[in-house]
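>>> fold the stuff below for me.
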Amino acid sequence: MTSKVKLGDFEFQHSEIPDEMPWGGSQEITKLVHIGGARTLQAMGRDDKDIEWKGLFSGRSSAKRAQYIDGLRTAGNVLVFTYFDRKYNVIIKSFEASYKQAGYIPYTISLIIQDDLTNPIKVIVPAGYIDNIQDDVTAALDIAQLVFNPNILVALEVLDVFLGTIQPDANITLLTASTLENLIKGVANLVGDGITSLEKLL
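Take a look at the predicted model:
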């Protein structure tokens with residue numbers, strides 16, 4: 001895993017960072033079974049899974065770095081934990097390390113989540129959605145060059161530039177989605193008008 005991993009003011013480095021980081025959890029649900037087998041379910045709230053991983057402190061400062069994390073554990077304070085786009089308030093539930101040899105200290109750590117500070121995803125688009133639109137716009141630009149309709153060319157170029165501002169792996173906001181929809185509708189209307197004008201000439 002190549003993302004920064006930070007716990008409080010401590011940033012994990014190199015072999016201290018695991019190859020993967022689990023996240024998620026469950027929903028606490030109360031189930032009431034009625035006569036005849038009908039059920040009433042009530043969601044009681046999220047129950048986030050503890051974040052656990054293994055790593056290796058290595059090098060001349062390995063012992064001091066391991067001791068620092070153990071000090072955070074004994075303090076029991078709420079710490080901000082971040083990796084990739086994930087962010088939490090956590091407390092170190094457990095930290096275990098072992099001396100194997102000089103400069104070589106494997107460890108395991110478990111964090112219990114108090115608050116999930118990660119921005120919720122409110123709008124999602126299918127994978128490859130932007131790429132598919134970009135491919136269609138590129139093809140449409142080639143055709144527009146042949147028929148040479150200035151209005152359609154300008155509209156497609158504006159749409160092409162806007163698509164270039166959207167990161168392929170970004171979450172699309174409502175504003176971005178609305179702007180994209182309006183630009184596509186604008187191109188479609190211009191193409192429709194162009195076809196109508198051409199039909200009148202034939």
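>>> identify the residues contacting residue 115.
Residues near residue 115 by Cβ atoms under 8 Å, 6 or more residues apart in numbering: 88-89. For glycine as for every other residue, the C-beta is placed from the backbone atoms N, C-alpha and C.
>>> what residues sit buried inside the host helix or strand of it?
Per DSSP states H and E, residue 115 falls inside strand 104-116. Residues of strand 104-116 classed as buried: 105-107, 109, 111, 113, 116 (neighbour count, 16 or more other Cβ atoms under 10 Å).
>>> also stretch 98-105?
Result for stretch 98-105 [16+ other Cβ under 10 Å]: buried residues residue 105.
>>> what about that stretch, distance to the chain center?
Distance of stretch 98-105 from its chain centroid, counting by Cα atoms, centre = their mean, to the nearest Å, is 35 Å.
>>> what does it rub up against?
Stretch 98-105 has contacts (Cβ under 8 Å, 6+ apart) with 56-60, 62-63, 66, 97, 106-107.
>>> quick revisit: pull the CA atoms of the strand holding residue 115 into PDB?
Once non-C-alpha atoms are left out, strand 104-116 reads as follows in PDB (Å, rounded to 0.1, in the frame of the first residue of the first chain):
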ATOM      1  CA  TYR A 104      14.000  -5.900  13.400                       C
ATOM      2  CA  ILE A 105      10.800  -5.600  15.400                       C
ATOM      3  CA  PRO A 106       7.500  -7.000  13.900                       C
ATOM      4  CA  TYR A 107       4.300  -5.700  15.400                       C
ATOM      5  CA  THR A 108       0.600  -6.000  15.400                       C
ATOM      6  CA  ILE A 109      -1.900  -3.200  16.200                       C
ATOM      7  CA  SER A 110      -5.600  -2.900  16.600                       C
ATOM      8  CA  LEU A 111      -7.600   0.400  16.600                       C
ATOM      9  CA  ILE A 112     -11.100   0.700  17.800                       C
ATOM     10  CA  ILE A 113     -13.100   3.400  16.000                       C
ATOM     11  CA  GLN A 114     -14.900   6.200  17.900                       C
ATOM     12  CA  ASP A 115     -15.900   8.300  14.900                       C
ATOM     13  CA  ASP A 116     -15.700   7.800  11.100                       C
END
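>>> now rank the contacts of stretch 98-105 by neighbours and give me the top one.
When these are compared by neighbour count (other Cβ atoms under 10 Å), residue 57 ends up highest, at 24 neighbours.
>>> which ones are touching the residue positioned nearest the centre of the chain?
When Cα atoms, centre = their mean is applied to the chain, the residue found nearest the centroid is residue 85 (5.5 Å). If a contact means Cβ under 8 Å, 6+ apart, then residue 85 has 118-119 as its contacts.
>>> I'd like the distance between it and residue 72.
Distance, residue 85 to residue 72, by Cβ to Cβ, to the nearest Å: 23 Å.
>>> swap in residue 108?
For residue 108 relative to residue 72 (Cβ to Cβ), the value is 15 Å.
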